[in-house]
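Asks: below is the structure, and that's it, no one-letter string:
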Ligand code: NPG
């Protein structure tokens, strides 16, 4: 592909309700979109990093800076490239995987649109619809959590993920389990808020038949996750720890988890995500697709990824209405408890540029 120009669009998109985790509260997304234009097609990618470096070390100002100062110049200096070449071309840039993932997504979208191939077909997807769940932030009261949970079950979601933190864990989970019954799949996410001293406390969650407990401890503390996995019956899942194929291999060898959350923006792109999927499949370890409150663009990538065969658990890939009053693409709509996998070329969604402009988006244009 020869790239004619690249644009970065940046704007804020309010969330329908604040999203609180153990590391902070988000009221809106600070979105960066990468738009790549070639002679044959345009392509879009979404940068999902947070406005603060609280989930991981990335944040939107830094991602924008690394795109402008390094990633875009490196790609222009390289000349024509295929999307598969991108990771190698920018390999001197350490980390910054959310920024890289967005750029690779835009290149893949452009390449696949030009080739007339859908992302699901390209990645090796085998499903036409993917079962999805919903992630529920920490609420002011447990009664609120029960009410919100029941609302999402009424919407059709068959799997709920509850955010937990010290002081908001066993009792809230008990109350939600009682309220929604045993037929709803339930899991919890700690975002690294606990320490080894909490393992016995967390073992109380075993009685609620949870699908998994996600990332109780610090991302680089695989051994404590391995200790926990031996002491509790609830499957341990890793999120923040899974930053690369190598990190995944280490986690599996150490038996630090029996389930893996794959996030495109955390591992550096769709191609790295597919490699991690394949590695986990070879180890008989199921994976599921995590979410970062994506707009319709990043959601399209997640839906295509989740159509791969070893994504056997529902992802954090909810309908657009769970996040935004209006999405920047065609809205993602729940069908039963699933989202349909697009079959049109590339990501299979179109950005509503007029709506994005109405949000006050800034546009930066970059030429070779
Ligand atoms: O539905 O996209 C969603 C949200 C899923 O809980 C979710 N994401 O820790 O996994 C997480 C959390 C998150 C959100 C992390 C935003 C980082 C940023």
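Replies: On my side now, so go ahead. The shown structure was predicted, so the numbers you read here are calculated from the model rather than taken from an experiment.

Asks: quick one, helices of the stretch 151-300 of the chain?
Replies: Counting by DSSP state H, counting those that start in this stretch, the stretch 151-300 of the chain has helices at residues 170-180, 199-202, 222-231, 245-253, 264-267, 270-282, 296-305.

Asks: centre of the chain to the helix or strand following the last one, how far?
Replies: To tie it back to what came earlier, the one meant is helix 296-305. Note on helix 296-305: by DSSP states H and E, the next helix or strand toward the C-terminus is strand 338-340. The chain centroid and the centroid of strand 338-340 are separated by 16 Å under CA atoms, centre = their mean, to the nearest Å.

Asks: do the same with stretch 146-157
Replies: For stretch 146-157, the distance to the chain centre is 21 Å (CA atoms, centre = their mean).

Asks: pLDDT on it, on average?
Replies: Stretch 146-157 shows a mean pLDDT of 97.

Asks: go through that stretch and flag the buried ones.
Replies: Across stretch 146-157, burial judged by 16 or more other CB atoms under 10 Å covers 146, 148, 149, 152, 153, 157. All C-beta spots, glycine's among them, are computed from the backbone N, C-alpha and C.

Asks: domains in this structure, by residue range?
Replies: For the chain, automatic domain parsing gives the domain ranges 3-116+349-366, 121-340.

Asks: neighbours of the closest residue to the ligand within the chain, how many?
Replies: Residue of the chain nearest the ligand, by CB to the nearest ligand atom: residue 291 (2.4 Å). Residue 291: 24 surrounding residues under other CB atoms under 10 Å.

Asks: ok, residue 335 next?
Replies: 12.

Asks: isn't it up against residue 129?
Replies: Yes - the pair residue 335 and residue 129 passes the contact test of CB atoms under 8 Å, sitting 6.6 Å apart.

Asks: between the two ends of stretch 260-271, how far is it?
Replies: 16 Å (CA to CA, to the nearest Å).

Asks: measure how far that stretch is from the centre of its chain, please.
Replies: Centroid separation for stretch 260-271 versus its chain: 7 Å, with CA atoms, centre = their mean.

Asks: ditto for stretch 21-40
Replies: Taking mean C-alpha positions (CA atoms, centre = their mean), stretch 21-40 and its chain are 12 Å apart.

Asks: can you check stretch 148-158 too?
Replies: 21 Å.

Asks: now do stretch 343-363
Replies: Worked out by CA atoms, centre = their mean, stretch 343-363 lies 19 Å from the chain centre.

Asks: just stretch 293-306 next, same as before
Replies: With CA atoms, centre = their mean, you get 8 Å for stretch 293-306.

Asks: and it, does that touch the ligand?
Replies: Yes - contact of stretch 293-306 with the ligand (CB under 6 Å from any ligand atom) involves residue 293.

Asks: go on, stretch 311-329?
Replies: Yes - Stretch 311-329 comes into contact with the ligand (CB under 6 Å from any ligand atom), by way of 316, 318.

Asks: residues in the stretch 151-300 of the chain within reach of the ligand, list them.
Replies: Within the stretch 151-300 of the chain, the positions near the ligand by CB under 6 Å from any ligand atom are 189, 191, 239, 290, 291, 292, 293.

Asks: using JSON lines, lay out the residues you listed together with pLDDT.
Replies: Shown next, in JSON lines, are those (pLDDT from 0 to 100):
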{"residue": "189", "pLDDT": "97"}
{"residue": "191", "pLDDT": "95"}
{"residue": "239", "pLDDT": "98"}
{"residue": "290", "pLDDT": "98"}
{"residue": "291", "pLDDT": "98"}
{"residue": "292", "pLDDT": "97"}
{"residue": "293", "pLDDT": "98"}
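
Asks: of these, closest to residue 34?
Replies: Distance to residue 34 across these (CB to CB) is lowest for residue 292, with 15.3 Å.

Asks: backbone dihedrals for that closest one, please?
Replies: Here is the backbone geometry of residue 292 (degrees, to the nearest 10): phi -130, psi 40.

Asks: ok, now how distant is the residue nearest to it when sequence neighbours are not counted from residue 32?
Replies: Counting by CB to CB, 6 or more residues apart in numbering, the nearest residue to residue 292 once its immediate chain neighbours are dropped is residue 48, at 3.7 Å. Applying CB to CB, to the nearest Å, the value for residue 48 to residue 32 is 9 Å.

Asks: please apply the same query to residue 260.
Replies: 26 Å.

Asks: and stretch 186-201, what's buried?
Replies: Result for stretch 186-201 [16+ other CB under 10 Å]: buried residues 186, 187, 188, 189, 190, 191, 192, 193, 194, 198, 199.

Asks: I'd like to know how many residues surround the closest residue to residue 274 other than its chain neighbours.
Replies: Once flanking residues are discounted, residue 274 sits nearest to residue 123: 5.6 Å by CB to CB, 6+ apart. Residue 123 has 21 neighbours, counted by other CB under 10 Å.
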